[in-house]
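Visitor: Model the following, please.
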Amino acid sequence: MVALPQDMSPFQLGTEGTYRGTSFSIIGRIKMEWEEGIWNNWFLVTQEGKKGWLTEAYGSYSVIFEVEESLLKEKLTHYPEYSLKEEERHTSDTTYHFPIGSPLFIENTPLEITDIKKAICIGSEGEVPFPVLQSRKVLSIDLMGKTDEFGNIEIDNHDRRIYLGHYMEWDEMHCKNFKLLEGWM
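Guide: Numbers count the residues shown, from 1 in each chain. Okay, here's the model as predicted:
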């Protein structure tokens, strides 16, 4: 991987925080790009050893953990290689394609698809739980619940990963050892 350029993220390797009363430490990052911007997926480990992600995009934060949803993963295998044509976003065939607005349940949590985008990895650093190559392409599907629930489905050539967690406010995470940004704190 190439070295990642500086960005305006307050997070860095070694940042610590809390998620719903559980302490975590950031140990890695994957930086993703799509046609309208860039976001960071910060890999974290909780004090109990549970591994997850703190996603950061345009000042929004969520903490998510991978879940095993075999029935949903079986449906996701019908997606062609991380490709979603524009016309598929509006299809009524939700068995094979999930258009924006489609309801899905992950671990009995009702969610709705809010965003579908093709993205590419532009770099990584630290420790991450799977091999990450620069230029790795994914289809990223974001889901929101009725309150602060957040889900994500990531599809690439080899895997389908399903995540569930919550949106977080900066103050809720009680972060320390974060990067000081001029004029921000």
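
Visitor: Just the buried residues of stretch 29-46, please?
Guide: By 16 or more other C-beta atoms under 10 Å, the buried positions in stretch 29-46 come out as 29-32, 39-46. For every residue, glycine as well, the C-beta is placed using N, CA and C.

Visitor: how about the CA coordinates for the helix or strand harbouring I27, as CSV?
Guide: Remark: I27 resides in strand 22-34, with elements defined by DSSP states H and E. Once non-C-alpha atoms are left out, strand 22-34 reads as follows in CSV (Å, rounded to 0.1, in the frame of the first residue of the first chain):
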residue,chain,number,x,y,z
THR,A,22,-17.3,-0.3,25.8
SER,A,23,-13.8,1.1,25.3
PHE,A,24,-12.1,0.7,21.9
SER,A,25,-8.7,1.5,20.2
ILE,A,26,-8.2,2.2,16.6
ILE,A,27,-5.5,0.0,15.1
GLY,A,28,-6.0,0.4,11.3
ARG,A,29,-7.6,2.3,8.5
ILE,A,30,-8.9,1.7,5.0
LYS,A,31,-9.5,4.9,2.9
MET,A,32,-12.2,4.6,0.2
GLU,A,33,-13.1,6.8,-2.7
TRP,A,34,-16.2,7.0,-4.8
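
Visitor: So which residues make contact with that strand?
Guide: Strand 22-34 has contacts (C-beta atoms under 8 Å, 6 or more residues apart in numbering) with 4, 7, 11-18, 38-48, 50, 52, 54, 63, 117-128, 132, 138, 140.

Visitor: Of these, grab the buried ones for ChimeraX.
Guide: Here is the ChimeraX command that selects the buried residues among these (16+ other C-beta under 10 Å):
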select :11,15,16,17,18,39,40,41,42,43,44,45,46,52,54,63,117,119,121,122,123,124,125,128,132,138,140
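
Visitor: re the thing from before, can you give the strand pairings for the strand holding I27, parallel or anti for each?
Guide: The strands that strand 22-34 pairs with in its sheet are strand 16-19 (antiparallel), strand 37-46 (antiparallel), strand 109-126 (antiparallel) (by DSSP bridges).
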